[in-house]
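# I would like the atomic coordinates for the input below:
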Amino acid sequence: MKTLLLILFFSPLFSKAQKVILIDRNFYHPVSIPDSFSMEQASTGVLAIYHKDLQAISEGMQWLIKHMTKPAIDMEESFVLKMGNSNCIVTTEKNSHTNKRSIVLNTEANNIKTSIVLAAGEPNKRALQRVAIFVDYLRNNSSSL
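Got it, this is the predicted structure:
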């Protein structure tokens, strides 16, 4: 019985760690896959995403682009897209002339939370461009993974 309890207690130590992908918040440098991820790396300006969540994030961002381009759809003032260990918070500030959007992607990897502001109170067209740039960056760098 004690042997079984010891095996169950120590089994998480022998499990394979999940791959973490580090993304440059300015999109200048290619993505990297480090051996480990720490708070020091998070403070250098990277966004950490689990490799298994990469496809879900890409699909979620493509869904967002698709629905932001449809002029007939009046998007809610705010909503959250859940994508694995990440979520995207979209808020809309309605004015008389234009709608301004804020889009923030929050992620959690190895109990460390990171985020990137894709659009901060920008008109729909510019916010759409910024999300498209992020999706292109993911698509261009996912071939090297």
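# Which residues are in contact with the residue most central in space within the chain?
Taking CA atoms, centre = their mean, the centroid of the chain lies closest to Leu105, which sits 4.8 Å from it. By CB atoms under 8 Å, 6 or more residues apart in numbering, the contact list for Leu105 reads 47, 57, 86-88, 115-116, 118, 134. From N, CA and C alone the C-beta is placed, and that goes for glycine too.
# Distance of it relative to Ile23?
10 Å (CB to CB, to the nearest Å).
# before we move on, what about Leu47?
Leu47 is 4 Å from Ile23, by CB to CB.
# do the same with Lys113
Distance, Lys113 to Ile23, using CB to CB: 14 Å.
# Tell me which of those two has more neighbours.
The neighbour count for Lys113 versus Ile23, taken as other CB atoms under 10 Å, is higher for Ile23 (25 against 11).
# host element of Ile103?
strand 99-109 (DSSP states H and E).
# got the buried residues for that strand?
99-105, 107-109 (16 or more other CB atoms under 10 Å).
# quick one on the thing from earlier: ok, the contacts of Leu105 vs Lys125, which is closest?
Distance to Lys125, by CB to CB, is smallest for Leu118 among those, at 13.9 Å.
# and that closest one, how far is that from Ile89?
10 Å.
# next one: Lys113
Relative to Ile89, and taking CB to CB, Lys113 is found at 13 Å.
# ok, now Asp136?
According to CB to CB, Asp136 stands 21 Å off from Ile89.
# Show me the helices in the chain, by range?
Per DSSP state H, the chain carries helices over the ranges 2-10, 39-42, 54-69, 124-142.
# Generate a markdown table for the ones you listed, with mean pLDDT, distance to Glu77 and mean neighbour count as supplementary columns.
Listed next are the helices of the chain as a markdown table, based on pLDDT from 0 to 100; distance: least, CB to CB, whole Å; neighbours: other CB atoms under 10 Å:
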| stretch | mean pLDDT | distance to Glu77 | mean neighbour count |
| --- | --- | --- | --- |
| helix 2-10 | 52 | 47 | 9 |
| helix 39-42 | 80 | 30 | 13 |
| helix 54-69 | 88 | 14 | 17 |
| helix 124-142 | 89 | 13 | 16 |
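# All good on my end, thank you.
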